[in-house]
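Participant: sharing a model that was predicted from the sequence below.
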Amino acid sequence: MNILPFMKWRFAAAIFSAIAMSIAVGSLTVKQLNWGLDFTGGTLVEVEYADSADLNVIRSTLDQSGYQGAVVVSFGTDRDVLVRLPQGFSDDEGVAMVDILRAASPVDVELRRIEFVGPQVGDELREQGGLAMLLALGLVMLYVGFRFQFKFAVGAVVALIHDVFFVLGFFSLTGIEFDLTVLAAVLAVIGYSLNDTIVVADRIRENFRKLRRVSTVEAINVSLTETLGRTLVTSLTTLLVLLALALFGGEMIHGFALALLVGVAIGTYSSIYVSATTLLAMGVSKEDVAIPVKEGLESDEAQP
């Protein structure tokens, strides 16, 4: 088997990651995220048309009627429409909006539900979402530290933080709405990336114990080469499914699929370079994963 020199490019990968993280943090600081109605508060109106609804016509009608900033998406079938009104619109204005849609439509329009989300609820969701990500990262560090070794735990958490900031930075730069479904996708990215990182870490530990006459860099290159096939097959099949969801799944799950699409791609990269490079930077060695030998066994082996 030809061993691929992955670690030969670790400095170039580190530069790429540093630039990407700088851009992500800068965008999150200056531009921030385009928070969805779940976080900012507003009015949610669901209507059903008797026939297929033209979303472009609905958006145009609402803009002309003074409902600027309304988000119109399909909800289930092509006859179900979900309208998200930003903060500042009351329930009464939501009902008035339905009357406007009825007047502008040649078919019947039925109001299915109308809900109001207060800004306080949005603030609580933001806080709880942030705490959920921090809790997930903390539990990951504890698990990997217990399962492998502290240096491996740091490498895994650095890779996960890298992935989370990359996805958040992508949504900040593009201005795509960040709602609860996207937050769920970010948490799913943490799980996916962790799974990939643990597979690589397990192989590195195994090769540290098996390959006794190779350097740390060579052992990591062997480990990454051996897991490359599994990583590519898993990632490519997942990416194909997510690409189909992003293109044909409809606007309701577009953000969810897009977040996972970006997260899985960057998670594959981080499990190869970010985690392994962090291990090298911390000076990981065979002694860190050596199996301790009991004193009794040592004395037995010393006897002729």
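Facilitator: Looks like it arrived, so ask away.
Participant: checking my notes, Phe116 in a helix, right?
Facilitator: No. The assignment for Phe116 (DSSP: H, G, I helix; E, B strand; the rest coil) gives strand, which keeps it out of a helix.
Participant: pretty sure it sits against Thr43.
Facilitator: Yes. With contact defined as Cβ atoms under 8 Å, Phe116 reaches Thr43; the gap is 5.3 Å. All C-beta spots, glycine's among them, are computed from the backbone N, C-alpha and C.
Participant: the more surrounded of these two?
Facilitator: Neighbour totals were compared for Phe116 and Thr43, and Thr43 leads with 24 against 16 (other Cβ atoms under 10 Å).
Participant: report the distance from the host helix or strand of that one to the chain centre.
Facilitator: Using DSSP states H and E, Thr43 sits in strand 42-49. Offset of strand 42-49 from its chain centre (Cα atoms, centre = their mean, to the nearest Å): 28 Å.
Participant: keeping just the C-alphas, turn it into CSV.
Facilitator: Coordinates of each C-alpha in strand 42-49 appear next as CSV, following Å, rounded to 0.1, in the frame of the first residue of the first chain:
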residue,chain,number,x,y,z
GLY,A,42,-42.4,37.7,14.9
THR,A,43,-45.6,36.2,13.5
LEU,A,44,-46.0,32.9,11.7
VAL,A,45,-49.0,32.5,9.4
GLU,A,46,-49.9,29.2,7.6
VAL,A,47,-52.5,29.3,4.8
GLU,A,48,-53.8,26.7,2.3
TYR,A,49,-54.7,27.5,-1.3
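Participant: give me the contacts around it.
Facilitator: 37, 75, 79-91, 93-94, 97-98, 101, 105, 107-117 (Cβ atoms under 8 Å, 6 or more residues apart in numbering).
Participant: hmm, try it at 7 Å
Facilitator: The contact list for strand 42-49 (Cβ atoms under 7 Å, 6 or more residues apart in numbering) reads 37, 75, 79-87, 89, 91, 94, 97-98, 101, 105, 107, 109-117.
Participant: which among the residues you listed count as buried?
Facilitator: Listed as buried from the contacts of strand 42-49 are 37, 75, 79, 81-86, 89, 94, 97-98, 101, 105, 109, 111, 114, 116-117; burial here means 16 or more other Cβ atoms under 10 Å.
Participant: now, the residues you listed that are in helices?
Facilitator: Residues from the buried ones among the contacts of strand 42-49 lying in helices, with DSSP state H as the criterion: Leu37, Gly94, Met97, Val98, Leu101.
Participant: look up the closest residue to Glu251, ignoring the ones flanking it.
Facilitator: Using Cβ to Cβ, 6 or more residues apart in numbering and skipping residues adjacent in sequence, the residue nearest Glu251 is Val73, 3.9 Å away.
Participant: backbone dihedrals for that neighbour, both of them.
Facilitator: phi -140, psi 160 (degrees, to the nearest 10).
Participant: bridging residues for it?
Facilitator: Leu82 (DSSP bridges).
Participant: residues contacting it?
Facilitator: With Cβ under 7 Å, 6+ apart, Val73 has these contacts: Leu82, Glu251, Met252.
Participant: SS state for the last one?
Facilitator: In other words, Met252. Secondary structure, three-state DSSP: Met252 is coil.
Participant: what's the distance between it and Asp179?
Facilitator: From Met252 across to Asp179, the span is 10 Å (Cβ to Cβ, to the nearest Å).
Participant: where's Ala153, which helix or strand?
Facilitator: Assigned by DSSP H and E, Ala153 belongs to helix 150-174.
Participant: need the contact partners of that helix.
Facilitator: 17, 20-21, 23-25, 27-28, 31-33, 133, 137, 140-141, 144-145, 178, 182, 186, 189-190, 193-194, 197, 201, 259, 262-263, 266-267, 270-271, 274-275, 278-279, 282, 284, 288.
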